[in-house]
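Novice: Requesting a structural model of the entry that follows:
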Amino acid sequence: MIEPSLLAVVEYAITLLFLAPFSVYDYKKRDIPDKLVYLFLAVSAVFCFLNFYLVKDLIPFQAQALYTLVSVVPVPLVLLILTKLELVGLADFYVVTSIAIAYSAPLNYPTLLGGYSVPVPPIVYSVLIYALVLQIAVHYGVLVVRLHGLGFRVPKGFSAWDKVFLVVAGWPLTVSELLEKDYYVPLQEPFETPLGVEWRLKGLTKVEDSELRSRIGEFLERGLVKHDEVVWASYGHPLVVYILFGFIIFLVRGF
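Specialist: Numbering: from 1, shown residues only. Prediction:
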């Protein structure tokens, strides 16, 4: 059995040193400086090499290769697809890939409550599962509060699937709130009709649509929509913030 090493503890500390400022950047700007992201990726590759050197004589090469394959391929591939679909940012992809690479060796990793063992599945899975649970809890917690505070129901005239989409992908907010924060992505877009402004459903994307925001601002200036008019928008959750807390949960309870 591979004994837990000082290297694992150092790896934890370095990962936290990267994720903490990344989370601040992601929360405030929804972006992370490229140089820092690339540095994290390079440091993760170094840890990967060191970890494999530590276990190379203790675990059959085929088992090492399979474990690494499971760690570095499926999850980053899914994130890459989501990036191409503009549902997550490129920085999110690099952060997740860095974690997958750094912890891709079948090494015994200690946790506060779970003792130590080789994580199965690899650490990146546990971190993302915890992050997803946290994001869902935050999203629907805020959704309930906003629905109660704004006294707003899902727009009429939409199909049942459209209403499900709005509840799953976003939450209600005023037009003023929407225009104040760049990371709010509208899920409805306004169209001028003889009877007034009609809000129609649009697709989900994390990428800012400056043209749509300009049109909403124009309608607001012309008095076609009101500052306190309620629409639905995607919050653009800062994924790296949830990843940081997911990683901390893993350190405490394991997988």
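
Novice: helix/strand/coil for P190?
Specialist: strand (DSSP: H, G, I helix; E, B strand; the rest coil).

Novice: doesn't F219 make contact with it?
Specialist: Yes - contact criterion Cβ atoms under 8 Å: P190 and F219 qualify, at 5.3 Å. Any C-beta I mention is one placed from the backbone N, CA and C, and that applies to glycine too.

Novice: Which one's more surrounded, these two?
Specialist: Neighbour count, other Cβ atoms under 10 Å: between P190 and F219, P190 has more, with 22 against 18.

Novice: thinking again about what came up before, any residues in contact with both of P190 and F219?
Specialist: Common contacts of P190 and F219 (Cβ atoms under 8 Å, 6 or more residues apart in numbering): 197, 225.

Novice: where does the closest residue to A105 other than its chain neighbours land in three-state SS?
Specialist: In space, and not counting its chain neighbours, A105 is closest to N51: 3.5 Å by Cβ to Cβ, 6 or more residues apart in numbering. Of the three states, N51 takes helix according to three-state DSSP.

Novice: Not counting the helix or strand I216 falls within itself, show me its contacts.
Specialist: Assigned by DSSP states H and E, I216 belongs to helix 210-221. Residues from elsewhere that reach helix 210-221 (Cβ under 8 Å, 6+ apart): 175, 178-179, 186, 189-190, 192, 197, 202, 225-227.

Novice: so which of those residues is the most crowded?
Specialist: P186 (24 neighbours).

Novice: Could you check the pLDDT of the nearest residue to it once chain neighbours are set aside?
Specialist: The shortest distance from P186 to any non-neighbouring residue, by Cβ to Cβ, 6+ apart, is to A233 (5.0 Å). Looking at A233, its pLDDT reads 87.

Novice: likewise G246?
Specialist: So, for G246, pLDDT stands at 96.

Novice: Off-centre distance for the helix or strand containing the residue nearest to P186?
Specialist: Assigned by DSSP H and E, A233 belongs to strand 230-234. Distance, stretch centre to chain centre, for strand 230-234: 20 Å (Cα atoms, centre = their mean, to the nearest Å).

Novice: Which elements pack onto that strand?
Specialist: strand 171-174, helix 175-180, strand 185-186, strand 188-193 (3 or more Cβ pairs under 8 Å, 6 or more residues apart in numbering; DSSP states H and E).

Novice: need these in a markdown table with distance to A131 and mean pLDDT, can you?
Specialist: Below are these laid out as a markdown table (distance: least, Cβ to Cβ, whole Å; pLDDT from 0 to 100):
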| stretch | distance to A131 | mean pLDDT |
| --- | --- | --- |
| strand 171-174 | 19 | 87 |
| helix 175-180 | 25 | 87 |
| strand 185-186 | 20 | 85 |
| strand 188-193 | 28 | 86 |
